[in-house]
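Peer 1: Give me the fold of what follows.
(one chain, ligands or ions: 1)
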Amino acid sequence: MKTGFFSYEKYFWHYTGHAGLWLPSGGLIQPDEHAESPESKRRIVNLMAVTGLLDELVPVAPSFATEADLLRFHTQAYLSRIKSMSDGRGGDGSVTTSFGPGSYEIALLSTGGVMAAFDAVLDDRVTNAYALVRPPGHHAESNLGKGFCLFSNAALSILRARVTHGIERVAVVDWDVHHDNGTQQAFYNDPNVLSISIHQDRCFPLDSGGIEENGQGRGLGANINVPLPPGSGRAAYLTVMDRVVSKALRKFQPELIVVPCGFDAGSADPLGRMMLSSTTYRAVTKTVLELASELCEDRLVFCHEGGYSPALVPFCAHAVIEELAQSSTCITDPYASFFDVQGGARLVSASRSGY
Ligand code: ZN
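Peer 2: Numbers count the residues shown, from 1 in each chain. Model (predicted):
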């Protein structure tokens, strides 16, 4: 198993300003570090360097996405607006997407990084890949930045792969704690992209992600939302993987599986209220690895989305990437023994038997 991996220092230079969690400072909100800061991401790389996992992975070089790549989904007016603000003193993509000078180019590298991971897998240079990019992508809509996302990294990479690699059928399994509204919008009428989002019910955005949003036109049935109640834990996620994801992917028969991977369903996350630990992240990764082996010759790409606990995120990411690479580093997550025995690990799946 060869696993491609990369991050890039410039990703950590994308500046989201000072905030109270995500709300801009000012008025009654004392300035603090924005929740979407580089720290949780940088510490993933640091932990992987310390354990030696980094040495087992195949480096993949990111490149800039082109304007033509972005125009497959985003509007010219949106790109011009972001570029203009980025060339000045920065701005906001529209909804909770603040950024500093130069972020347009960093976002091009973020999208280009996911595209490079696609190329590495589809050219058979690696078996699977993890793109640790920033800013994230799954909330970005065609003419609107949302939820810290500027460009829709996974959707744009799928649209490009159709042109460059002739890929048709792609399954998206997004387990970030927030709804993948941007990816959903990109493929809502498309029968050849199965988009599954497992998220906390109405965490963000507040007005999307309902179970009734299941595609339209020729895409009807190819969009699946699984809104889980706050407090869902290991049993709920494993049940969803078994009863929804595995069944849907076997029926769909993808040529490639893409996982927009957020760690904000972790027990210590400031922006989510779910109960996962690295143990569960490892388990759900194992499931998609098995599905990729069974359905699409192991072709599997992970791209980084959210995750805001600098302490816990590195251990969850390490477990996912260890699993992808079938690594023998096998470190012990010092937090797992606390979080694995909390109540949400068992409570929810029994009451959600509809899944
Ligand atoms: Zn998220």
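Peer 1: And for Q76, the neighbour number?
Peer 2: Neighbourhood size, Q76 [other Cβ atoms under 10 Å]: 11. The way it works is simple: take the backbone N, C-alpha and C, and place the C-beta from them, glycine included.
Peer 1: brain fart, A292
Peer 2: 24.
Peer 1: What of the one 10 residues further on?
Peer 2: Residues within reach of F302, counting by other Cβ under 10 Å, total 28.
Peer 1: check contacts around it.
Peer 2: With contact set as Cβ atoms under 8 Å, 6 or more residues apart in numbering, F302 has these partners: 117, 128-131, 258-259, 261, 320, 324.
Peer 1: do the same with A319
Peer 2: Counted by Cβ under 8 Å, 6+ apart, A319 has contacts 278-279, 281-282, 285, 333.
Peer 1: Does it fall in a helix, a strand, or a coil region?
Peer 2: Per DSSP: H, G, I helix; E, B strand; the rest coil, the secondary structure class of A319 is helix.
Peer 1: From Q185, how far off is it?
Peer 2: 31 Å (Cβ to Cβ, to the nearest Å).
Peer 1: sorry, back to before: from the contacts of A319, which land in helices?
Peer 2: When the contacts of A319 are checked against helices (DSSP state H), the matches are 278-279, 281-282, 285.
Peer 1: And the furthest pair within the contacts of A319?
Peer 2: Using Cβ to Cβ, the pair of the contacts of A319 lying farthest apart is T285 and D333, separated by 13.9 Å.
Peer 1: For these two, work out which one has more neighbours and name it.
Peer 2: More crowded of T285 and D333, by other Cβ under 10 Å: T285, with 24 against 20.
Peer 1: correct me, but that one touches L324?
Peer 2: Yes. Taking contacts as Cβ atoms under 8 Å, T285 lies within contact range of L324: 6.5 Å.
Peer 1: nearest to the ion, of the contacts of A319?
Peer 2: Checking the contacts of A319 against the ion with Cβ to the ion, the nearest one is Y281 at 14.0 Å.
Peer 1: give me every residue that touches that closest one.
Peer 2: 263, 266, 316-317, 319-320.
Peer 1: what's the spacing between A317 and M1?
Peer 2: Noted for A317: a distance of 17 Å to M1, by Cβ to Cβ.
Peer 1: Who has more neighbours out of the two?
Peer 2: A direct count of neighbours by other Cβ under 10 Å for A317 and M1 places A317 higher, at 27 against 13.
Peer 1: wait, doesn't the more buried one sit right on F263?
Peer 2: Yes. Using Cβ under 8 Å, A317 is in contact with F263, at 6.3 Å.
Peer 1: between these two, what contacts are shared?
Peer 2: 281, 307.
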